Every structure is written in C-alpha cells, then in structure tokens.
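J.: With the sequence up front, the predicted model follows.
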Amino acid sequence: MALIAAEGLGVRFGAVQVLHDVSLRIEKGEIVTLVGPNGSGKSTLLRCLIGVQRPTRGRILKAAGLRVGYVPQKLHIDATLPLTVRRFLDLPHRVPEAEARAALEEAGAGHVMGRQMADLSGGQFQRVLLARAILSEPDILMLDEPTQGLDQPGAAGFYQSLEAIRGRLGCAVLLVSHDLHVVMSASDRVICLNGHVCCEGTPAVVSAAPAYRELFGTGTKGALALYRHQHDHADHAAHPHHHHHEEA
Ligand SMILES: Nc1ncnc2c1ncn2[C@@H]1O[C@H](COP(=O)(O)OP(=O)(O)OP(=O)(O)O)[C@@H](O)[C@H]1O
C-alpha cells in the first residue's frame with residue numbers, strides 16, 4: 001500500500017483545465033521530485049494531496065493515520081510583526097525547547113533560534129520551515145519549491161538535509177523543484193508534470209525521456225526549450241481539448 005496516491009486527478013479553474021488525469025503513488029521512504037514549467041500545476045497537485053484543494057475529478061487515497069509535514073512555497077511574515085524563530089516553532093502547538101533545538105539543527109539552522117523570522121535570509125527561512133515541518137515526525141514531507149532563491153551549493157545542502165531527515169525518520173519526501181541538476185542527483189524518482197504526467201521514473205530514465213527533453217532540453221539549450229514549451233503551454237491552455245503533448 002502506497003502512503004498516498006492520486007487517481008485520475010483533474011482540476012479545473014473556470015475554463016482552464018490545470019490538471020488532467022494525473023495518477024501517482026508515493027511509497028514509504030522514497031524521495032520524489034515533481035518538475036515542470038511554470039504554471040504546469042505542480043503546486044495545485046501538492047495542494048490536492050495535502051487536502052486544501054478539492055479536485056474536480058478523481059480521488060486521493062491516503063494510508064490510515066498518515067502524518068504529513070508541509071513546507072509551502074511562500075509564507076509571508078510581516079516585518080513589523082515581532083516573531084522569533086523559537087516562537088514560530090511553537091505554532092500551532094508548543095514544543096519543548098530540546099525538540100525545537102534538535103529540529104532546527106537537523107534542518108541545518110541550529111544557530112537561528114533566537115532570531116526574528118523577518119530578519120532571516122531566504123535559505124535560513126526555508127530551513128526554519130523545514131524544521132517546523134519535521135517536528136510532527138511526518139510519514140511524508142511535502143515541500144513546494146523549498147530551494148527557490150538558493151544558490152546551487154545552498155540547494156545541494158538543502159537536499160542533503162532532506163536525505164538525512166529521510167534516513168532518520170524513514171519518511172517519504174515529495175518536493176517541487178526547478179533545480180534540475182540537483183534534482184537529478186538527489187531524487188529516487190522524478191515526475192515530470194505539464195498539466196498531465198509527461199514522464200516519470202528514475203532520474204536517468206526521465207532525463208533521457210523525449211517528453212522531458214522537449215520540456216527542458218539538454219545542457220545549455222534547456223532554457224530555450226523551456227521558453228518554447230511555455231509558449232506551447234499557453235496555447236494549450238487556450239485550447240484545452242488540444243493536448244499535443246499527450247502522446248509522450
Ligand atoms: N485558486 C486558483 N484559481 C484560479 N487559477 C489558479 C488557482 N490556483 C492556480 N491557478 C492557476 O493554475 C495554473 C497552475 O498553477 P500552479 O501554481 O499549480 O503551477 P506551478 O506548476 O506550481 O507553477 P510555478 O512553477 O510557477 O510555481 C496557473 O495557471 C495558475 O494561475
């Protein structure tokens with residue numbers, strides 16, 4: 001039995017079909033990365049899995065008693081609101097000092113305990129969100145672009161922390177990322193999404209797949225391929241019945 005699975009998921013916002021016929025399963029202990037162009041429905045899919053977005057079609061199956069830790073893409077904390085990292089970790093439930101410290105250290109932010117949330121760097125902020133997500137000892141951690149804004153060493157370090165956490169908790173990790181190079185080395189499985197699942201498999205299988213190459217190209221041509229694809233995708237959204245990437 002998978003920890004969590006989506007079956008035939010569809011999401012439509014007004015006239016726009018954002019996800020169609022998406023099925024996937026996440027097994028215990030695996031690190032799975034969702035990749036795909038901007039607007040391809042990655043966040044929407046994650047929001048369906050955690051249960052805050054209702055799909056228009058299909059269903060989500062969860063293992064009984066599944067504990068989910070979630071790191072959102074954005075969390076705005078107003079600079080005028082005094083809130084230390086320590087107090088942030090107490091939301092919504094108070095946690096003992098030792099647990100807060102251990103979680104921060106495991107997330108690679110042991111030194112920021114007394115700092116103001118508003119003063120943290122982007123990387124420190126993401127690590128504090130990660131610390132908060134692991135406090136509940138989740139069976140699965142879901143992270144929406146946690147390495148956004150981090151440089152390559154920062155992103156690689158973040159992935160290393162995730163691997164260590166997975167090793168200790170035995171949790172699965174599902175994350176959205178645009179750091180294709182880092183993703184490819186650090187994931188057990190990659191799912192390439194563009195409204196539907198274009199291709200999935202081990203990093204080696206996905207990076208060789210025609211659908212993935214069409215989306216991201218190879219090497220330095222990747223950016224151009226991504227641009228072209230986004231252009232296609234806009235057409236595609238305007239003509240929702242014309243699924244010209246479906247055959248992939
Ligand atoms: N609540 C909503 N109402 C209307 N449209 C929405 C809503 N949420 C998302 N969308 C649209 O759905 C599409 C997919 O958005 P989503 O955030 O899932 O994409 P994404 O792959 O995570 O993109 P990015 O890489 O830019 O973060 C976008 O066109 C977005 O504008």
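T.: Looks like it came in fine.
J.: what's Leu129 in contact with, if anything?
T.: Residues in contact with Leu129 (Cβ atoms under 8 Å, 6 or more residues apart in numbering) are 71-72, 75, 146. Yep, even glycine has a C-beta here, placed from its N, CA and C like the rest.
J.: hey, where'd the strands end up in the chain?
T.: 4-13, 16-26, 31-35, 57-62, 68-71, 140-144, 172-176, 189-193, 197-201 (DSSP state E).
J.: what's the closest non-adjacent residue to Ala186?
T.: Tyr159 (4.1 Å; Cβ to Cβ, 6 or more residues apart in numbering).
J.: actually Arg59, sorry about that
T.: Nearest one to Arg59, counting by Cβ to Cβ, 6+ apart, is Glu7 at 5.4 Å.
J.: now the one you found: how far from Pro146?
T.: Separation of Glu7 from Pro146 (Cβ to Cβ, to the nearest Å) stands at 26 Å.
J.: These two: which has the busier surroundings?
T.: More crowded of Glu7 and Pro146, by other Cβ atoms under 10 Å: Pro146, with 27 against 15.
J.: Where does pLDDT dip in the chain?
T.: 218-248 (pLDDT under 70).
J.: can you rerun that using 90?
T.: 1, 37, 72-81, 92-93, 122-123, 147-157, 159, 177-186, 202-248 (pLDDT under 90).
J.: Can you pull the residues of it lying near the ligand?
T.: By Cβ under 6 Å from any ligand atom, the residues of the chain that approach the ligand are 13, 18, 36, 38-44.
J.: Only the buried subset of the residues you listed, as a ChimeraX command please.
T.: Command for ChimeraX that selects the buried part of the residues of the chain next to the ligand, burial taken from 16 or more other Cβ atoms under 10 Å:
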select :18,36,39,40,41,42,43,44
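J.: Of all pairs in the residues of the chain next to the ligand, which one spans the longest distance?
T.: Within the residues of the chain next to the ligand, Phe13 and Gly36 form the most distant pair, 16.9 Å apart (Cβ to Cβ).
J.: hang on, the earlier thing: from the residues of the chain next to the ligand, which single one is nearest Val112?
T.: Distances from Val112 to the residues of the chain next to the ligand, taken by Cβ to Cβ, are shortest for Ser43, at 26.3 Å.
J.: Excluding covalently adjacent residues, which one is nearest to that closest one?
T.: Counting by Cβ to Cβ, 6+ apart, Asp144 is the residue found nearest to Ser43 once chain neighbours are left out, at 5.5 Å.
J.: residues touching the one you found, list them.
T.: Contacts of Asp144 by Cβ under 8 Å, 6+ apart are 42-43, 46, 71-73, 175-176.
J.: in the sheet, who's paired with Ile4?
T.: Beta-bridge partners recorded for Ile4 (DSSP bridges): Ile26, Lys62.
J.: That one against Leu61, yeah?
T.: Yes. In terms of Cβ atoms under 8 Å, Ile4 counts as a neighbour of Leu61; the distance is 7.0 Å.
J.: Neighbour count: those two, which is higher?
T.: For Ile4 versus Leu61, the count of surrounding residues by other Cβ under 10 Å is larger for Ile4: 21 against 13.
J.: roughly how far apart are Ala211 and the ligand?
T.: Per Cβ to the nearest ligand atom, to the nearest Å, Ala211 is found 16 Å from the ligand.
J.: What's the local residue count around that residue?
T.: Using other Cβ under 10 Å: Ala211 sits among 18 other residues.
J.: my guess is Glu30 meets Val190, correct?
T.: No. With contact defined as Cβ under 8 Å, Glu30 does not reach Val190; the gap is 11.1 Å.
J.: Could you check which of the two is surrounded by more residues?
T.: Val190 (25 against 18).
J.: Can you tell me the closest non-neighbouring residue to that one?
T.: Val190 sits nearest to Val206 (Cβ to Cβ, 6+ apart), 4.3 Å away.
J.: ok, now how distant is the one you found from Ala172?
T.: Distance from Val206 to Ala172, by Cβ to Cβ: 18 Å.
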